[in-house]
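In: just need the structure, nothing else, for what follows:
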Amino acid sequence: MSRIYFDNAATTALDSQVLEAMMPYLIEKFGNPSSIYSYGRESKLAIEQARKSVAKNLNAHPSEIFFTSGGTESNNTAIQASVRDLHCEHIITSPIEHHAVTHTVEHLDSTEHVKVSYVNLLPNGHINLEHLEKLLAHNKEKTLVSLMHANNEIGNMLDIYAVGNLCKKYNALFHTDTVQTVGHFPIDLRNTPVHFITGAAHKFHGPKGVGLLYINENIKIKPFIFGGGQERNMRAGTENLYGIVGFAKALEIATENFEKDSAYILELKNYMQAQLKGNIKGVGFNGDVNGKSLYTVLSVSFPKSEKSEMLLFNLDINNICASGGSACASGAEEGSHVIRAININPNQITVRFSFCKHNTKEEIDNVIQKLKELI
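Out: Prediction:
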């Protein structure tokens, strides 16, 4: 059986059209964008065209778009600058953020004079907006709210307009990790009350190692990396030229094909959910699976047994790529902080299946067949 790849929330395959757009900059057009001769200016122009393209697709101003090495760097920059440059003394976040956020916040909590509050979750894994408002209302310090747009493990989506408006009401800054939604949903930054968003090209068929940081034009922060004056003095270091070109191309393709691709992928997710329910006894789903949720992610709980404990390993042996998220500690795998926060049942094994436009129903049928044998 050829490999079945159901781990698209971790990374996606590079689109051939994206590679084609990158190729000239990998081979012929290799001038340093900071050089003054025409060869360098050509590279500089490619970066600025990419910036304009990304800004257009996110309805932002090009001066608000900064290219980074990925979502992790972008999240670190936004959160650390909010404390260092914008004088936030209080961070409100959730227990189910990506580690790029939680570890940054924990670091600031232990080294800076920053108070950290965690907003409560509803039983289905959504953020409790009433509790968020309470935290904001009883707050005296300048505050940063950092809540992800969509959870990478269970797929739950935040109402970023509601959160943004609460932040506006209480004069807080709002950072949202949009790594799972940039390239998957239309994002209209002109009409979204947000100060920072982040993205990573490899989540939507672009190259690895290139990311996005949107900084609202009303915000002024200092660089995270010092050196040359690249990225309008915001990020020193020779730019990842072909990565940036690839990011823009991948976002352009994703934006153009959003309706067709998202409808197709949602159909796959719903089909897999129905097949699991129909074929595997005791199966459950994590998060708000049929509500406000990513169309790309299905987080599944299987009943724990001797067979299912080795499930991911056995799927791998059978050429099926999926990812874990179990709440219990087994060996080096200490389990998922997200699953622990929303589902404390130790008698379940969690597997995340995540889909893209290249997956098929036949692949789902094959995986169901294998799961029936393995469980």
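
In: helix, strand, or coil at residue 197?
Out: strand (DSSP: H, G, I helix; E, B strand; the rest coil).

In: give me every residue that touches it.
Out: Counting by Cβ atoms under 8 Å, 6 or more residues apart in numbering, residue 197 touches 149, 175, 176, 177, 178, 182, 187, 189, 212, 213, 214. Glycine gets a C-beta too; all of them are placed from N, C-alpha and C.

In: sheet partners, orientation included, of the helix or strand encompassing the second one?
Out: In this structure, residue 175 is located in strand 173-176 according to DSSP states H and E. Each strand paired with strand 173-176, and its direction, by DSSP bridges: strand 143-146 (parallel), strand 196-200 (parallel).

In: which one of the ones you listed lies nearest to residue 307?
Out: Among the strands paired with strand 173-176, the nearest to residue 307 by Cβ to Cβ is strand 196-200 (35.2 Å).

In: name the next helix or strand downstream of that closest one, please.
Out: Downstream of strand 196-200, the next assigned helix or strand under DSSP H and E is strand 211-215.

In: how about the strands paired with strand 173-176 in TSV, adding mean pLDDT?
Out: Converted to TSV, the strands paired with strand 173-176 look like this (pLDDT from 0 to 100):
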stretch	mean pLDDT
strand 143-146	98
strand 196-200	98
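
In: return the most buried member of those strands.
Out: Looking across the strands paired with strand 173-176 with neighbours counted as mean count of other Cβ atoms under 10 Å, the highest average goes to strand 196-200: a mean of 29.

In: re earlier: list the contacts of the strand holding residue 175.
Out: With contacts defined as Cβ under 8 Å, 6+ apart, strand 173-176 is touched by 75, 78-79, 82, 86, 88, 142-149, 158, 160, 163-164, 167, 193-198, 219.

In: which of these are buried?
Out: 75, 78-79, 82, 86, 88, 143-149, 158, 160, 163-164, 167, 193-198 (16 or more other Cβ atoms under 10 Å).

In: show me where the chain has its helices.
Out: Secondary structure of the chain (DSSP state H): helices at 16-27, 38-58, 71-84, 99-111, 129-137, 160-169, 230-233, 241-256, 258-279, 311-317, 337-342, 361-374.

In: ok, of the ones you listed, where does mean pLDDT dip lowest?
Out: For these, mean pLDDT drops lowest on helix 337-342, to a mean of 88.

In: for that one, packing partners?
Out: Using 3 or more Cβ pairs under 8 Å, 6 or more residues apart in numbering; DSSP states H and E as the contact test, no helix or strand touches helix 337-342.

In: distance from that helix to the middle of the chain?
Out: Here helix 337-342 is found 17 Å from its chain centre; the criterion is Cα atoms, centre = their mean, to the nearest Å.

In: that helix: which residues count as buried?
Out: Applying 16+ other Cβ under 10 Å to helix 337-342 flags 337, 338, 339, 340, 341, 342 as buried.

In: list the contacts of it.
Out: 95-96, 102, 121, 123-125, 151, 153-154, 286-287, 299, 325-327, 350.

In: let's see that with 10 Å instead.
Out: The contact list for helix 337-342, computed with Cβ atoms under 10 Å, 6 or more residues apart in numbering, reads 94-99, 102, 118, 121-126, 151-154, 156, 286-287, 299, 301, 324-329, 334, 336, 345-346, 348, 350, 352.

In: follow-up on the earlier one: with distance to residue 50 added, can I get the strands paired with strand 173-176 in JSON lines?
Out: Shown next, in JSON lines, are the strands paired with strand 173-176 (distance: least, Cβ to Cβ, whole Å):
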{"stretch": "strand 143-146", "distance to residue 50": "27"}
{"stretch": "strand 196-200", "distance to residue 50": "13"}
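
In: select, out of the ones you listed, the one closest to residue 18.
Out: Using Cβ to Cβ, the nearest of the strands paired with strand 173-176 to residue 18 is strand 196-200, at 13.7 Å.

In: quick one: the nearest residue to residue 132 once chain neighbours are set aside from residue 112, how far?
Out: Excluding the flanking residues, the one nearest residue 132 by Cβ to Cβ, 6 or more residues apart in numbering is residue 119, at 4.8 Å. Distance, residue 119 to residue 112, using Cβ to Cβ, to the nearest Å: 20 Å.

In: check residue 261 too.
Out: 42 Å.

In: can you check residue 286 too?
Out: 34 Å.

In: hang on, the earlier thing: relative to residue 3, how far out is the residue nearest to residue 132?
Out: The value you get for residue 119 to residue 3, if Cβ to Cβ is used, is 39 Å.

In: among these two, which residue is more densely surrounded?
Out: residue 119 (21 against 9; other Cβ atoms under 10 Å).

In: the more buried one touches residue 143, doesn't it?
Out: No: applying Cβ atoms under 10 Å, one finds residue 119 not in contact with residue 143, separated by 11.9 Å.

In: who touches both of these two?
Out: Common neighbours of residue 119 and residue 143 (Cβ under 10 Å, 6+ apart) are 92, 135, 136.

In: contact partners for the first one?
Out: Residue 92 makes contacts with 105, 115-119, 131-132, 135-136, 139, 143-147, 163, 167, 172, 174, as judged by Cβ under 10 Å, 6+ apart.
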